[in-house]
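Enquirer: Sequence and predicted model, in that order:
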Amino acid sequence: MQNCTHYQVEQQERFLNELFDLLRIPSVSADSTKNNDTAACAEAVKESLLKAGCDIAEVCLTAGHPIVYAEKIINPSLPTILTYGHYDVQPPDPLDLWTSGPFEPVVVDGKIYARGACDDKGQMFMHVKALESMHATQSMACNVKFIIEGEEEVGSTNLGKFLEDNKEKLKADIVLVSDTSMISMEHPSIETGLRGLAYMEVEVTGPNRDLHSGVYGGAVANPITVLSKMIASMHDENNHITVEGFYDDVQELSNEDRIALNAAPFDLAEYQSELGIKNVWGETGYTTLERTGVRPTLELNGIWGGYIGEGAKTVLPSKAFAKISMRLVPNQNSHKIAELFTAHFNKIAPDYVSVKVTEHHGGEPVVTPTDSIAYKAAEKALETTFGKKPIPTRGGGSIPIIALFEKTLGLKTVLMGFGLDNDNIHSPNEKFDVVNFYKGIETIPYFHKYFAEMSQGEA
Ligand code: BES
Ligand code: MN
Ligand code: MN
């Protein structure tokens, strides 16, 4: 903690306790029975921003969950950092796989366990506490604005409009986000891209009602069998995706970029053993880092139909369903991919079933520059606190609003994440290392400082 301010060391325990208060609120955006908690969480985030020193902090109502906006302008001639994060979390299910309550945060072996510990309450709160430290020690170097939303995990449906409606208010020089991962405490890194997402739901219908599988089975197509075959055909023997036109807009990496990407420390044996698998799987001709970072994929998120209750029921179901998502890379477009998928799914459906395809929320891929002042400031900040120059990596996840920051507000983003890939985000026993939480609080003020200094140099 050699680069921590006295204030940060003194307040460490309180910072953690205040994070725990946030983690106790079950702000599950997908669960409408939790709407009161989501609203309470927005209120708590607003209060924390006022306490941190913001002059303005407000809860902005939307058609969905509220957005928290806050700002502290210390000097209009200084650069402005717009910090983005989200206070909503994924549902905690399956509950029986948690070793402690998802909304009863605990520290075990130096790790905070709770839903949202890493994604994204823990990481978002680092920025609140970093601001509080800078404000308390009169060391703010930039103006700050905050957007903390409550709908990231359900596609940021109402945030796009908020950006459109508040262009003037949201004027800034850079967007700073901690909602991604780094390689490890030994290998700090900065994600320089996020994948896009197209999310589809399909329904396959056979006969007009459930049938006795003895009376009709073998003579009438079973929609579960048909759907399974259709799904299986979506990857060929090289695990390429067979949706026509799927790869048309995919930007191939240059050889130089591929070499750089694969130079990141990565231990395949450890990756496999940590996941309990004997071997990895994926598109022929690409490494694991490429498969998750720069190649598009197609995944089954869920499949259901027929009888899944206790015991056995002999039935030929009328319908089968699946949720299928595709991670996208530059220059794929989520709506175009959704259309290609729909056309393909209709085309491969045999005439003994009918199919229905619907599109859920999605988002566009982004690549963030590494030659910008903001990237260099982040690099120097991490180097200051980790003693090592961070390496650029590509993240596999998606944050739909990032593309809109650029499109609507003309702002680039720096993804300065402090999570680890094995933090179990979206999964039982989500965790965030206490040291990563403190490292974030320690590093963020350096970003502000270097960004101000480097912008000055530029002007
Ligand atoms: N913070 C994650 C995205 C993420 C995780 C990026 C790890 C890079 C590394 C975010 O909260 C998330 O889960 N996004 C969703 C998309 C959303 C539309 C539900 C995702 O990636 O599935
Ligand atoms: Mn997140
Ligand atoms: Mn998430």
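Expert: Right, received. Where do you want to start? Here the structure is a predicted model, which means the values were calculated and not measured. Residues are numbered from 1 along each chain as shown. Ligands and ions are numbered 1, 2, ... in the order given.
Enquirer: hang on, residue 28 packs against residue 38?
Expert: Yes - with contact defined as C-beta atoms under 8 Å, residue 28 and residue 38 form a contacting pair (7.4 Å). The C-beta positions use only the backbone N, C-alpha and C, and glycine is treated the same way.
Enquirer: got the buried residues for the helix or strand residue 38 falls within?
Expert: Under the criterion of DSSP states H and E, residue 38 resides in helix 35-51. Going by neighbour count (16 or more other C-beta atoms under 10 Å), the buried part of helix 35-51 is 37, 38, 39, 41, 42, 44, 45, 46, 48, 49.
Enquirer: Let me have those residues in JSON lines, adding pLDDT as columns.
Expert: Converted to JSON lines, the buried residues of helix 35-51 look like this (pLDDT from 0 to 100):
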{"residue": "37", "pLDDT": "98"}
{"residue": "38", "pLDDT": "98"}
{"residue": "39", "pLDDT": "98"}
{"residue": "41", "pLDDT": "98"}
{"residue": "42", "pLDDT": "98"}
{"residue": "44", "pLDDT": "98"}
{"residue": "45", "pLDDT": "98"}
{"residue": "46", "pLDDT": "98"}
{"residue": "48", "pLDDT": "98"}
{"residue": "49", "pLDDT": "98"}
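Enquirer: Closest one of those to residue 386?
Expert: residue 48 (26.3 Å; C-beta to C-beta).
Enquirer: tell me the contacts of that closest one?
Expert: 18, 22, 125, 128 (C-beta atoms under 8 Å, 6 or more residues apart in numbering).
Enquirer: and of those, the nearest to ligand 1?
Expert: residue 125 (14.3 Å; C-beta to the nearest ligand atom).
Enquirer: Under a three-state scheme, what state does the closest one occupy?
Expert: helix (DSSP: H, G, I helix; E, B strand; the rest coil).
Enquirer: Not counting residues beside it along the chain, what's closest to it?
Expert: residue 19 (5.0 Å; C-beta to C-beta, 6 or more residues apart in numbering).
Enquirer: can you pull the contacts of the residue in the chain that ligand 1 sits nearest to?
Expert: Of all residues in the chain, residue 397 sits closest to ligand 1, at 2.6 Å by C-beta to the nearest ligand atom. If you count contacts by C-beta under 8 Å, 6+ apart, residue 397 has them with 180, 194, 195.
Enquirer: Confirm that it sits in a strand.
Expert: No - checked against three-state DSSP, residue 397 lies outside a strand; its state is coil.
Enquirer: From residue 292, how far out is it?
Expert: 9 Å (C-beta to C-beta, to the nearest Å).
Enquirer: Spell out which residues sit in contact with residue 330, please.
Expert: 193, 250, 251, 365, 366, 367.
Enquirer: now residue 392
Expert: So residue 392 contacts 189, 190, 191, 192, 260, 370 (C-beta under 8 Å, 6+ apart).
Enquirer: From those, keep the buried residues only.
Expert: Buried, going by 16+ other C-beta under 10 Å: 189, 190, 191, 192, out of the contacts of residue 392.
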